[in-house]
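Chemist: I would like to see how this sequence folds:
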Amino acid sequence: MPDHDGFPAPSQGLVVTQFLTVRDVDVSKEFYVNVLGGEVILEENPATVRVANSWIIMNPGGGPTPDKPDIVLSPPSPGDPVSAFMNVRVADIDAFYADAKAKGVQFLTEPLDRKAEIRCYMRDPDGYLIEVGQATGLLKGIFADPPASR
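Modeler: From the prediction side, this is the model:
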């Protein structure tokens, strides 16, 4: 388990965190605290927010470093393809959706029933895609339809 006043630094084993390259650390921290109920563990360098049972680490972008040569970090640009996204599971998607909308969050659609779950997607201030879902049919052995073949 993590120690160091909530910072994800396990005394044994490992923990998984999500690193986000952000344009404005303060704006991103505010989003993850106000919308997802996070707690700021470290203000900056790197900013770390604990959200439920995970941590989001965020810093501005930058060029290569000795431990990641040839790697440039930058937040997504509008229209960029999405290859990964955060998946948030909630107990009551209607309550979450209403609360987040009241806080100004823009969703791609309202929550849609997909048989196995009810889900919708939102973006954070940097454009990162976040799926918000509530397991429904999945808990009864009902699965979503397979993706359409190409």
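
Chemist: which residues sit against stretch 10-26?
Modeler: 1-3, 8, 28, 44, 46-48, 54-61, 73-75, 86, 124-126, 128 (Cβ atoms under 8 Å, 6 or more residues apart in numbering). (Each C-beta comes from the backbone N, C-alpha and C, glycine too.)

Chemist: find the nearest non-adjacent residue to the residue nearest the centre of the chain, please.
Modeler: Nearest residue to the geometric centre of the chain (Cα atoms, centre = their mean): residue 86, 3.9 Å. Closest residue in space to residue 86, ignoring its immediate chain neighbours: residue 130 at 4.6 Å, by Cβ to Cβ, 6 or more residues apart in numbering.

Chemist: how near is the nearest residue to residue 131 once chain neighbours are set aside to residue 138?
Modeler: Using Cβ to Cβ, 6+ apart and skipping the chain neighbours, the partner closest in space to residue 131 is residue 87 (4.8 Å). Per Cβ to Cβ, to the nearest Å, residue 87 is found 13 Å from residue 138.

Chemist: on that earlier part again, spit out the contact partners of the residue nearest to residue 131.
Modeler: Contacts of residue 87 (Cβ under 8 Å, 6+ apart): 130-131, 133.

Chemist: quick one on the thing from earlier: mind checking pLDDT for the residue nearest to the centre of the chain?
Modeler: You'll see residue 86 listed with a pLDDT of 96.

Chemist: now do residue 45
Modeler: On the pLDDT scale, residue 45 gets 89.
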